[in-house]
Each structure stands twice: as C-alpha cells, then as structure tokens.
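Colleague: Give me the fold of what follows.
(chains A and B)
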Amino acid sequence: MTDRKTISAAGPAPLTRRTALKGMAAAGGLMAAPGFVRYAQAQSSAPIRIGFQCHRTGIGAAYGRWYERTTAAAVKLINEAGGINGRPVEIVIEDDGTDAGRGAEVVAKFANQHKTDIVYGTLFSHVVIGSAPAAGELKIPYYVVSEGYHVASGQLNRWCLQPGITDVRAQVTSMAPWIAANAGKKVTMIYPDYAFGYDHRDYLPPALEKAGAEVVAKIAIPPTESSFTRYFPQIPSSTEVLYHVMVGPAVLTFVKELGEFYGSSGPKLFGFIDSLEAVDINSPGLEYLDGSHFWEGSPRYAQAGDSDAMKAYRAAVGIDDNGASANDPRDISTAGHMFGCWETLYVIKQAMEASGYRGPEDRAKLVEATEAISTIAEGPEHPQGDKVFDGKIHQVFGHQYISKLEGGRLNVVHKTSIEDSRYEPEADYTAQPF
Amino acid sequence: MGFGPHLLLAVLEGLVTSAVLALTALGLSLVFGVMRVVNVAHGELFMLGAVLAWAVATAVGGSPALGFVAALVVAPLIVGAVAALAERLVLRRVDYDPEATIVATIGLLYILQQLALTFYGADARPVPPPFNIRLALPWFGYSAYKLSIVATSAVLLLLSWLVLTHTRAGLIMRATQYDRETAQAFGIPVGRVYAAVFAIGAMLAAIAAVLIVPISQAHYLMGQDPLLLSFAVVIIGGLGSLRGTVVAALLIGVSDGVISMFFSPTLAKLIATLAVAMVLVFRPQGLFGKAAR
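Modeller: Below you'll find the model as predicted:
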C-alpha cells in the first residue's frame, strides 16, 4: 500500500517504478511534441483571410461574377506557389448588392465577424465611397478595383488603396489626345448621373482642351433610365464625336435607340467599354457600334502581340480568344476591368511579404509597405502591363488601350503611355495618421 | 433639330409609353374594379411576363419573329396561370379583405422578384424584336417596332372594350363589379369570376411586358416603374373605368414624353405625381370614375 501510495504521489523517492513513469512521461512528451509543433505551425500557417466585397447582385452583378472568377484563379496560383509568407490565402465573400449602405455593413462584417485581414475587390464607385468611412473607422486596409477617381482625389482615407487599376481621371487624360487627333474636335459627352460619370465630366473636358478639342454638350442620364431617345435631341448637330460611358442594364437599349435615331449618319462614337462589359459585342441591335472606338483597361479579345504572361492569365481565368468564358461562349467577361483583381492580389502579396505581415496588428505596416511600392514590372503577376504606383495618392497608373470594333471583334489600335496619364497629385494620404 | 420635329419625337416616345402603360394599368384597374383588390404585385407580374418572354424566345430560337410570337402567346398564359394560382392559394384564403390583400400582394411581390433573381439572374437580357425596320424621317430615324407597339396596344384595348361591353363574359364581370352579392344571388359564380379576372389582369400586364421587352431588356427589377405609373393612371382615370384608364395613360405617357424631352425627366415625374395628388383632393373617384354608391 505504502509503495503504491508513493508511486501514485510520484514522490521524490528514487524508485524503479518512478523511473518507469519518467520514461512514460518522456514518451508522452515525445508523443505530444509533434502535436505541439503542429500547433505552433498552425499559428504561422493559418490562412491569410481576405474579405472580398463582391457585387453578386444588383446592377454590378455581371462584374461581380467575373471579379469572383479572376480572384479565384489568382488565389489558386498564389496558393500553389506557397501562398503569402508561407501561409495559404483564403477568400471570404460577402455580397454587397452593389449598394453603398450594404457595402459599409459588409466591411464591418469582415472586420468584426469574419475577422479578415483586409477587405478587397469593390468596383462601383458609390459602394467604394459608401464603404470607405467604415474601413477607416475599423482601421482595416481596403483595396479597391474601382477605377473611380475617389481614391486618388484624397476624398477617402489612408486605409483605402487602388493599386491594380488606373483611375478614370488618368484614363481620360491619357486618351484625350488620341480622341482629338483621330476622332474629332467637337465632343458631346453622355455619362451616368453619379460619381463615376462625374469623374468623366470633370476631367475629360480640360484634357480635350489641352489637346485642341472641345466639349460642346454634356448630357447626364439618371442611372435608372430605361429609354434614351428623349435625350438625343440634346446632342448638338455640330457634334463630331459622341463620347459615351454608360453602365447598367439599359446599355443595349441606349445603343439600339442611338442607331435608330441616327441611322447611317451621325457622329463618330467613342465609348468606354464599361458600356458593354459582359455584353456580347455581336448582340442584335449593336450593329450600330461597328467601326466605333472603345477604351479598354485590358483587351477583351486576344491580340496578335499578346505576351506569354497575358496568355497565361487568360487561360488561368478561363476566357477564350473572344473574351468569353471557355465553358460558355455566351458568358462574356468583363475583361476591361477584372485584370485589376488579379494584379491587386499580387500587390497585396508583395506588400504583405515586404512588411512581414503576420496578422491584424500589422495592418498599418501593410498600408505603409503598399505606399512604398513605386514601379511595377510587367509579368505573370501583372499581365496587363507595367505600372507606376503613387504612394501619396494610393493610386496606380498604367497603360490604356484604345480598340476599334471591326469584323465583330475589338482590335487594339493604340496603347497610351503611362506618362500620358499622369496628373498633378491633389492629396497626400501618407501625411494622415493611422 | 427644329421645334416641330423635336415635338414629334417627344409625342412618339410618349405614345409608346402610353400604349404599354394603358395595357398594364387596365389590368390593375380591372382587378380593383371587379375584386376591390389593390394588387401591389402587379408590377412583378409585368416583370414575370418579360422574363418569360426572354425564356420562351430563347427556347424557341430560329427567327426572331417566331420567338417573339411564341413569347406573346406563351408568356401571358403562364403569368395568368401563376396569378390564378395566387388568387386561389392566397387572396381567397384572406377573403379578399382589402388590408389583408395589400399585405398579401406585397408578399407576392417579393416572392416573384426573388424567384426571378434566383432562377433568371441579375442580368438584363434582350429579346430581339420581331422585325428591325428603321423609319427614316427627314430629321431623325424611328423604330417601326415601337410604332407597332402603339398599334398592337390600341387593338388590344379595343378588344378589351368589346369583350367587356358586348359579350356574356363581360356582362358577368360588370355585374360582379356592380354588386357582388346580387350577382351571386343571380347565380353568377363569383369565386370563379374573381380567379378569371385576376388572371386576365395579370395577362394584360404580361402582354404589355412582352411588347416592351424588345426595346428595354428583361430585368428582375423592372416591375417597379410600371407599378407606380399604373397606380397613377388608375387613380387619375378612375378605378374600373376603361375609358378613364386609356385617357389617363395617354395623358401621363405623352406629357411624360414631352416634359422630359423639353425640360427634365424628373420634372415629368413630379408633375405626374402632383396630378395624382390633385385628382385625389378634388375628384377622388377619378376623372371618369363613378362616385361611390
């Protein structure tokens, strides 16, 4: 009994039994050790969680669908190559309904409920503007793929960045000289009556004037409009170029009615591909666009001079030479914009690695590391082309493409230089405290 | 462009709006007139017609005209069946109580809208028009299809009037509208009349939607505007009055076309809403409605 007691108490008496116990404890420790190592690893290799604010429904749904596919393709490649800082990347998706109010809720949900490391992926300008204050309050980096001027204007806060797609002001600044030289000197603008349209309204006219052309009329169309013929009499007859940028479900109606109104005469057309993203350019009713020119962030149709990186990107995302889904030729991509998701994710990767990002406590360091990026080389991570990032205004500048619609496809006729798109920065986010 | 052509274009656009509006509002007016049910889901039945038109036209394939004609026949029939089902399963159960039916049809509105989002998706999809003819006027071009909508709508409205005034079915509907209980006492199956009227009302909306879908695509949120405008038309024209509905639709449609072209679309909506308020204040029964007995 005494013996047993001693053993069970594991007293200091040097008993053979105790030695045995010691051995067992050591063995137990050894057995536990791999488990412990596994646990230690789990902390450093827990996935980096990226909250994807996605337009799954609402007027941005077509963009959302393709932003999601591009994101999935990029994340798959990143994870296959070892993830970020040795940790896999996990995407958490929330639908914002392409709605500004819902957008802010989604950002808060990512920060508080999903506990994601960052928020990423928004396109529509009103959603970005609506969500940015939430990102600033919750101090969570907010990487948008929106192309609006709102980030670069300094109107948002230090947590909002746009490192994957050029903003509208830069886009129109770089294209104005081409429009003036090749399309015409008297321009009428048709644009949606909200923030994204205002970026065009405010920055195209000065750029055109610099290039020796002028805007003769500006026609704002409410985003809910479903019929457009009534606006066409406002187009002055002196118009040489009709500059159109429309979004939303009514684009087909717009083009069709324009064709009916003008017939074979009428001004030349220069449009933003935004008008026709996710829309088959050969849809019935779009014949009127034949021969017109479009801005494209990245060419929808495969071009003769495509780099290997571009080919690999298109294959990874799953689009064919016509810019449609490889699985369904009727499912047209939003190629003009979605490359921005791919490139933004690689910028996030670069900045996370540069800052040695470990978790939410390093969010400010991550923003600083992104601000420190200056030039971005063309390559598999940036298939659309090389870029310059301006850390002060959190905005990237890249090449723009002007394509002509001919023979049922869009062929690139002009590629702008990065210098063409630069403007005097009006803000400095780096001066803001975190 | 001179003032004359400008006005002509405004009136043409207004007539197209009126034509579609008159059909949609007639459906709403009929349902309220006969059943005393304010059908808030009317706009969604319109949307359902457009979405089904796309589905039918796509399934049929072949020439656009064939697909369109098939859609014009099949889509309203399906929408009518859905409406009849809703009448049987919901409206009858709440005994056509005015407040309860409003709430019930609001529920129906959301159910239809979300079903469309789930199964049809959030994209706007076009249906090719049966024919693509551009009428080249000296000042501008205009779609012949749009004008055909006006003609089709006029024929359908005339047909509705003939049915209501010159057939036995029309007589039964008018009798039920005039006095439900007396009609029942005379052996009119009021329950079946209600189901039929609700279905016909929905079918009129669906026909209007099929007509409009080649010029403005089918989209799951497209039902809101027609609903609001139909209410405006029904209030101004007088509930249950076919003549009032047509006159009010012309008034709202053409004034919308003219005002929004010469001034702004917002002003047009403003004036239409003001007109509704004025009618409610000074002539609550509507321009052509009969005062409550």
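
Colleague: Would you mind giving both backbone torsions of the spatially most central residue of chain A?
Modeller: The centroid of chain A falls nearest to A:V145 when counting by Cα atoms, centre = their mean (2.3 Å). Phi and psi for A:V145, reported as degrees, to the nearest 10, are phi -130, psi 60.

Colleague: got a list of what it touches?
Modeller: By Cβ atoms under 8 Å, 6 or more residues apart in numbering or on different chains, the contact set of A:V145 is A:67, A:120-123, A:162, A:164-165, A:337-338, A:340-341, A:344. For the C-beta atoms, the positions are set from N, CA and C on the backbone; glycine is no exception.

Colleague: same thing but 10 Å
Modeller: By Cβ atoms under 10 Å, 6 or more residues apart in numbering or on different chains, the contact set of A:V145 is A:63, A:67, A:70-71, A:120-123, A:128, A:162-165, A:337-345.

Colleague: cool, A:R422 as well?
Modeller: A:170, A:173-174, A:388, A:390, A:397.

Colleague: Is B:A86 within a helix or a strand, and which one?
Modeller: Secondary structure assignment for B:A86, by DSSP states H and E: helix B:64-86.

Colleague: no no, B:L52
Modeller: helix B:42-60.

Colleague: give the contact list for the residue of the stretch 51-200 of chain B found nearest chain A.
Modeller: At 2.9 Å from chain A, B:A124 is the closest residue in the stretch 51-200 of chain B, using Cβ to the nearest Cβ. The contact partners of B:A124, by Cβ under 10 Å, 6+ apart, come to A:59, A:61-62, A:226, A:248-253, A:279, B:54, B:216-222.

Colleague: sorry, back to before: are there helices or strands packed against the helix holding B:L52, and which ones?
Modeller: Identification of packing neighbours for helix B:42-60 by 3 or more Cβ pairs under 10 Å, 6 or more residues apart in numbering or on different chains; DSSP states H and E yields helix B:3-35, helix B:64-86, helix B:98-119, helix B:190-212, helix B:224-237.

Colleague: What about the contacts of A:R422, which are in strands?
Modeller: A:388, A:390, A:397 (DSSP state E).

Colleague: how many neighbours does the closest residue to B:V90 other than its chain neighbours have?
Modeller: In this structure, B:V90 finds its nearest non-sequential neighbour in B:A104, 5.0 Å apart by Cβ to Cβ, 6 or more residues apart in numbering or on different chains. Applying other Cβ atoms under 10 Å in any protein chain shown, we find 22 residues neighbouring B:A104.

Colleague: is it true that B:A104 touches B:D97?
Modeller: Yes: with contact defined as Cβ atoms under 10 Å, B:A104 reaches B:D97; the gap is 9.1 Å.

Colleague: overlap in contacts of these two?
Modeller: B:37, B:91.

Colleague: Just the closest of the ones in strands among the contacts of A:R422 to B:A275, please.
Modeller: Nearest to B:A275 out of the ones in strands among the contacts of A:R422 is A:F397 (Cβ to Cβ; 52.1 Å).

Colleague: Show me what that closest one is bridged to.
Modeller: Judged by DSSP bridges, the bridge partners of A:F397 are A:V388.

Colleague: still on that earlier bit, pull out the buried residues from the helix holding B:L52.
Modeller: B:42-57, B:60 (16 or more other Cβ atoms under 10 Å in any protein chain shown).

Colleague: near chain A, which residues of the stretch 101-250 of chain B?
Modeller: Applying Cβ under 10 Å from any Cβ of the partner chain, we find that the stretch 101-250 of chain B lies next to chain A at B:117, B:121-129, B:132-137, B:139-146, B:212, B:214-222, B:224-225.

Colleague: how about 7 Å then?
Modeller: B:117, B:122-124, B:126, B:128, B:134, B:136, B:140-143, B:215-217, B:219 (Cβ under 7 Å from any Cβ of the partner chain).

Colleague: Make a PyMOL selection of the buried ones in those residues.
Modeller: Buried subset of those, written as a PyMOL selection, criterion 16+ other Cβ under 10 Å:
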select buried, chain B and resi 122+123+124+126+128+134+140+141+142+143+215+216+217+219
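
Colleague: Which ones among the residues of the stretch 101-250 of chain B next to chain A lie within strands?
Modeller: Using DSSP E, these in strands are B:134, B:136, B:141-143.

Colleague: picking up where we left off before, what's the most distant pair in the residues of the stretch 101-250 of chain B next to chain A?
Modeller: B:L117 and B:A136 (40.1 Å).

Colleague: for the contacts of A:R422, which one is nearest chain B?
Modeller: A:A170 (29.6 Å).

Colleague: which non-adjacent residue is nearest the closest one?
Modeller: A:S421 (3.8 Å).

Colleague: measure B:A83 to B:N39 for me?
Modeller: In this view, B:A83 and B:N39 are 9 Å apart by Cβ to Cβ, to the nearest Å.

Colleague: And for B:S29?
Modeller: With Cβ to Cβ as the criterion, B:S29 and B:N39 are 10 Å apart.

Colleague: B:A86 too?
Modeller: According to Cβ to Cβ, B:A86 stands 10 Å off from B:N39.

Colleague: neighbour count winner among the two?
Modeller: Using other Cβ under 10 Å, the more surrounded residue of B:A86 and B:N39 is B:N39, with 30 against 24.

Colleague: on that earlier part again, buried only: go through the contacts of B:A124 for me.
Modeller: Buried among the contacts of B:A124 by 16+ other Cβ under 10 Å: A:59, A:61-62, A:226, A:248-253, A:279, B:54, B:216-222.
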